[in-house]
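>>> pasting the sequence and the predicted coordinates here, then a few questions.
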Amino acid sequence: MEQWKDHVLITDKRMRTFQWFSLLSGRQRIILLITTFIALSVAALGFLGHDESQQGDALGFSTDMPISRIAPGLGVTGKALARELMLPIDVSKSRPLKELKVSDKELSHAVDHLLSHKDSPGKYYLFVALVLVGAVYLNMLGRPDASGVKQRKSWYPRSPYIVVLLVSVLFAGFYLGKSPNPMEGVVKVFKSMVGLYPDSMVKAAALLFFIALAVVGNKVVCGWACPFGAFQELIYSIPVLRRAKKHKLPFALTNTIRAALFLSALLILFGIVGGRTGLVLYHFINPFDLFDLDLGTTSIRATVVAASVGSFFTYRPFCQIICPFGLVSWVCERFSITRVQIDKDRCVQCGACIKACPSDAAKGRVYGASIPADCFSCARCLNVCPEDAITYGPVRVHPANRAQKPARSSQKEGK
Ligand code: SF4
Ligand code: SF4
């Protein structure tokens with residue numbers, strides 16, 4: 001009997017997903033068509049510009065060469081190559097590596113690792129395309145015009161989101177490799193400040209690019225485009241261990257750990273702690289190495305396994321606890337142009353969206369928390385409200401939101 005019920009439910013969900021397109025109005029279909037065309041065109045530009053010729057061996061580096069000849073070919077500074085070869089960063093850059101006791105194997109490994117961090121420029125285009133699709137879908141297409149109010153309150157089509165997540169993992173991740181990615185966008189800016197990259201303005205521009213994408217829609221770049229974010233989101237979306245998933249990570253704790261880690265990483269990188277300038281803490285826990293199929297160190301393997309297994313139980317553990325861009329984009333949420341909004345005139349604080357939200361984000365928005373948790377624009381809360389009080393759209397201030405109701409809010413928060 002139970003199996004039969006499950007079957008009916010799954011069939012019904014599938015039917016509803018297919019219904020999504022049929023319930024779009026003419027205006028929405030035109031928007032979908034134009035968005036798809038622009039997104040595919042932008043992504044195609046990226047693929048056309050993709051260069052796969054970066055192979056360490058093909059560059060002809062050898063240990064007869066000094067650091068000063070090899071580093072420019074890798075797009076890094078002599079200090080960065082010295083650090084990669086486990087030499088002091090102030091080692092002579094003009095002596096052949098052989099004289100510095102560097103073996104061919106060590107050089108080859110260092111070159112491969114540095115090349116893996118070299119940006120694939122085409123990927124920036126793909127990020128733009130994915131964010132465009134996410135932002136348009138959330139703002140204009142997720143709620144088909146021809147769906148009835150009753151339908152809207154019980155259903156929000158998730159298949160388009162899953163498709164975008166798969167594109168992110170497969171193409172922005174495994175096909176185009178680990179770099180660039182939002183996490184590195186943050187780390188490389190600080191690395192360039194200690195002389196590990198020659199082009200600090202370029203690195204700053206890359207970070208600004210990711211910040212701009214995060215501002216277009218509330219963290220849409222994390223929610224819809226980042227390959228490792230998408231990887232965790234897909235695992236979390238597998239319908240198993242539903243009870244375990246009801247337990248959310250407390251935002252105060254995760255954000256404190258994330259911020260403390262970021263501060264520690266900076267203190268170590270600048271040599272204020274440890275006295276060794278140029279040591280990058282995030283290198284040891286960079287899960288984006290997964291997309292190069294090169295989980296070189298035990299700590300990276302442990303990070304990827306912990307984040308993957310953890311995602312079966314809780315929402316995006318790496319994003320919430322570790323990622324430095326998660327922290328930066330959380331700050332940027334204050335400036336998002338479009339985001340989840342709750343009409344306080346309609347909201348009866350029934351808790352339906354809080355239950356649907358995989359993190360503390362909806363709770364913060366319902367109760368008007370001064371420091372709300374990250375919202376990854378996952379859309380789970382958007383149609384669960386019995387009062388139809390939740391929308392995703394351009395930021396506006398409801399009259400009732402301006403005049404907060406502190407007494408009621410704090411009462412409920414304390415429950
Ligand atoms: S917070 Fe998550 S989604 Fe955002 S950049 Fe970091 S890993 Fe990617
Ligand atoms: S369910 Fe939570 S994380 Fe997802 S869009 Fe709603 S508030 Fe944001």
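Perfect, thanks for sending it. Ligands and ions are numbered 1, 2, ... in the order given.
>>> now Cys347: how far from Gln341?
10 Å (CB to CB, to the nearest Å). In this view, the C-beta of every residue, glycine as well, is placed from N, C-alpha and C.
>>> what does Val102 give?
57 Å.
>>> quick one, helices of the stretch 101-250 of the chain?
104-116, 122-136, 149-152, 159-167, 182-193, 200-216, 220, 227-237, 242-245 (DSSP state H, counting those that start in this stretch).
>>> so which of those helices is nearest Ala307?
helix 227-237 (6.1 Å; CB to CB).
>>> doesn't Tyr282 make contact with Ser264?
No: the criterion here is CB atoms under 8 Å, and Ser264 misses it with Tyr282 at 10.4 Å.
>>> so for the two, which residue has more residues nearby?
Tyr282 (22 against 13; other CB atoms under 10 Å).
>>> surely that one is within a strand?
No: using DSSP: H, G, I helix; E, B strand; the rest coil, the secondary structure at Tyr282 is helix, not a strand.
>>> check contacts around it.
Contact partners of Tyr282, counting by CB atoms under 8 Å, 6 or more residues apart in numbering, are Met183, Val187, Ala265, Pro324.
>>> residue contacts, the second one?
Same thing as Val187. Val187 makes contacts with Ala265, Val280, Tyr282, Pro324, as judged by CB under 8 Å, 6+ apart.
>>> farthest pair in those?
It's Val280 and Pro324 that sit farthest apart of the contacts of Val187, by CB to CB, at 11.0 Å.
>>> higher neighbour count, these two?
Regarding Val280 and Pro324, a neighbour count based on other CB under 10 Å identifies Pro324 as having more, with 22 against 18.
>>> so what's the more buried one up against?
Applying CB under 8 Å, 6+ apart, the residues near Pro324 are Met183, Val186, Val187, Arg258, Leu261, Phe262, Ala265, Tyr282.
>>> select only the buried ones of the residues you listed in ChimeraX?
Filtering these down to the buried ones (16 or more other CB atoms under 10 Å) takes a single ChimeraX command:
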select :183,186,187,258,261,262,265,282
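>>> which of the contacts of Pro324 sits closest to Val366?
Arg258 (23.1 Å).
>>> pretty sure that closest one sits against Leu327.
Yes: counting by CB under 8 Å, Arg258 touches Leu327, with 5.1 Å between them.
>>> any idea how far Ser92 is from whatever residue of the stretch 51-200 of the chain ends up closest to ligand 1?
Per CB to the nearest ligand atom, Pro182 is where the stretch 51-200 of the chain lies closest to ligand 1, at 3.5 Å. To Ser92, Pro182 is 36 Å away according to CB to CB.
>>> what do you get for Lys355?
62 Å.
>>> swap in Asn383?
From Asn383 to Ser92 the distance is 64 Å (CB to CB).
>>> of the two, who's got more company?
Between Asn383 and Ser92, counting by other CB under 10 Å, Asn383 is the more crowded of the two (21 against 15).
>>> can you tell me the element that one falls in?
Assigned by DSSP states H and E, Asn383 belongs to no helix or strand.
>>> for the residue lying closest to Val220 once chain neighbours are set aside, give me its contacts.
Counting by CB to CB, 6 or more residues apart in numbering, the nearest residue to Val220 once its immediate chain neighbours are dropped is Gly134, at 4.5 Å. Contact analysis of Gly134 by CB under 8 Å, 6+ apart lists Tyr161, Val164, Gly217, Val220, Gly223, Trp224, Ala225, Ser377.
>>> list the contacts of the third one.
Going back to what we said before, that points to Gly217. Taking CB under 8 Å, 6+ apart as the test, what Gly217 contacts is Val131, Gly134, Ala135, Leu138, Asn139, Gly223, Ser336, Ile337, Thr338, Arg339, Ser377.
>>> just the ones of these in strands?
Counted as lying in strands by DSSP state E, out of these, are Thr338, Arg339.
>>> one step back: now the contacts of Pro324 in TSV, with distance to Ser116 and pLDDT?
What follows is the contacts of Pro324, written out as TSV (distance: CB to CB, whole Å; pLDDT from 0 to 100):
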residue	distance to Ser116	pLDDT
Met183	14	96
Val186	18	96
Val187	14	95
Arg258	25	97
Leu261	23	97
Phe262	23	97
Ala265	20	96
Tyr282	14	94
